[in-house]
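Novice: A structural model of the following input is requested.
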Amino acid sequence: MNLTSRGIGLVMAAALLGALGQWSAALGSFPWWRLAVALIALGLLYELLMARRVAVAARWRAAKHLLLGRPDTLRLEIANGSHRALRVQAAPTLPDALAPTGAALDVAELHAGPGATAGAPVRIVPTRLGEHVWSKLPVRVRGPLGLAWWSRRLAPAGSVRVVPDTLGPKSAPAGSDASGSAAQASLGGAFELHHLRPYRPGDPRHTIDWKATARASRLITRVYSEDQHLEIVIAVDAGRTGRTELDGISQFGHYANLASRFAEYCVSGDDQVGLVVFADRTLAALPPGRGPAAVARIRRALTNVEPQPVESDVLEAALEVRRLVRRRCLVVVLTDLYERGGASRLVQTARLLAPKHLPMMVGLVSTDAEDRANAPAADWLDPYVAIAARDYRRQLGANVARLTRLGAIALTAHAADLDRLVLARYRALRERHRV
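Specialist: So this is what the prediction gives:
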């Protein structure tokens, strides 16, 4: 119970009557202050009984699925099932997976008429995948006499489901070079000659046009037109490092968003996309599929996975990929590329995949590490922190270089640049027919 301004005023008036009765004979001998206190107590007892009987319920209005990391607006609604108007103060309490933005958790005061519903918007950002039950909602109902606010705890029914993000407006428009099944330029062994161009290091010898080479007195390569339908497997790390938070979302959450968007982008070109989610063992494995159905399966699988508090075994994921696909494919491994030692699991994974498949190993880097590596010292501990951050950056760069020498494509990026860099590299690989 919390007294309203009216209740506080009446209590102060009763106290003033008591003081006047003690120090002045103006009110006579009758204890008016006791009568006032008794009336206030009776009023509060009446309000308590009415507050317990009042029919009030809470519910949340939200989209069927919330997208991880994408700001959204929920609506908190208070339903008044009584025959009198209600004034209700509610503190929007959200599941841990939904982070409020701005002043979203300020107490909202709602006015609901008899049998009516009142609501208030709440801005949030989903930060964790999965199904989340609504938290109990603390509310205060104003009594019918306006003397006090009476506390209640309401249990909104249902739950909210957070799923990986989609391309949305960032997807390529229909008919563009980056969407649909389009003819791609490839080197040799295809259907129709597309054009001739100067020879580039790495072009297969059988693609050299010797007649054109003789005429031009330099090596000329044939480039053919071909409809490509690639197979792609995305391996997502759901181990200990996946629980690390970057920009308000776990590392696994960023990887899940990238996997979902990347799969959506690839199937628009009629490629087949599969998924492997791993920690110390394989948590989910989907063979490559084509079309929106494959993307839906991938999104469901990612939604149902929770990062595990164990060290990841990326080599086990590579073995699962080899069991899952028989033909050469592009393997996109989303994991932490920071690892010490020349015979690390990352190196073994690149060696295992590179002879048959094309591995692309992608890792997130924190802007905080770079800031700490270059920040001026303001405390005695800062130089040691800067040394550790520089060592982290140096080791990460060495790992990327080592993986590249083994035939893998190694990328590191900040969370904001992850999609752009991976999609750009995928388009370049497709255009050069590397897979």
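Novice: Nearest to the spatial middle of this structure, which residue is it?
Specialist: Taking Cα atoms, centre = their mean, the centroid of the chain lies closest to Leu68, which sits 3.3 Å from it.
Novice: My guess is it contacts Leu129. True?
Specialist: Yes - assessed by Cβ atoms under 8 Å, Leu68 is found in contact with Leu129 at 5.8 Å. Yep, even glycine has a C-beta here, placed from its N, CA and C like the rest.
Novice: Identify the contacts common to those two.
Specialist: When contacts are counted by Cβ atoms under 8 Å, 6 or more residues apart in numbering, Leu68 and Leu129 have 162-164, 253, 256 as shared neighbours.
Novice: for these, which one is nearest Val365?
Specialist: Ranked by distance to Val365 (Cβ to Cβ), the shared contacts of Leu68 and Leu129 are led by Gly253 at 15.9 Å.
Novice: Secondary structure element for that closest one, which one?
Specialist: helix 251-267 (DSSP states H and E).
Novice: Do you have the helices of the stretch 151-300 of the chain handy? List them.
Specialist: 210-216, 251-267, 292-303 (DSSP state H, counting those that start in this stretch).
Novice: need those helices in a markdown table with mean neighbour count, can you?
Specialist: Output for these, formatted as a markdown table (neighbours: other Cβ atoms under 10 Å):
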| stretch | mean neighbour count |
| --- | --- |
| helix 210-216 | 11 |
| helix 251-267 | 25 |
| helix 292-303 | 19 |
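Novice: between the ones you listed, which one is nearest to His229?
Specialist: So among these, helix 251-267 is nearest, using Cβ to Cβ, at 10.5 Å.
Novice: who does the closest one touch, helix- and strand-wise?
Specialist: Counting contacts by 3 or more Cβ pairs under 8 Å, 6 or more residues apart in numbering; DSSP states H and E, helix 251-267 packs against strand 231-237, strand 272-278, helix 292-303, strand 330-334, strand 358-364, helix 418-431.
Novice: Next, the angle from that helix to strand 231-237.
Specialist: Counting by axes from the mean of the first three to the mean of the last three Cα atoms, to 10 degrees, helix 251-267 lies at 170 degrees to strand 231-237.
Novice: for helix 251-267, the distance to its chain's centre please.
Specialist: 11 Å (Cα atoms, centre = their mean, to the nearest Å).
Novice: Next, work out how far apart the residue nearest to Arg261 when sequence neighbours are not counted and Ile234 are.
Specialist: For Arg261, ignoring the flanking residues on the chain, the nearest one in space by Cβ to Cβ, 6 or more residues apart in numbering is Leu167 at 5.0 Å. Distance, Leu167 to Ile234, using Cβ to Cβ, to the nearest Å: 15 Å.
Novice: And for Asp417?
Specialist: From Asp417 over to Ile234 (counting by Cβ to Cβ), the distance is 18 Å.
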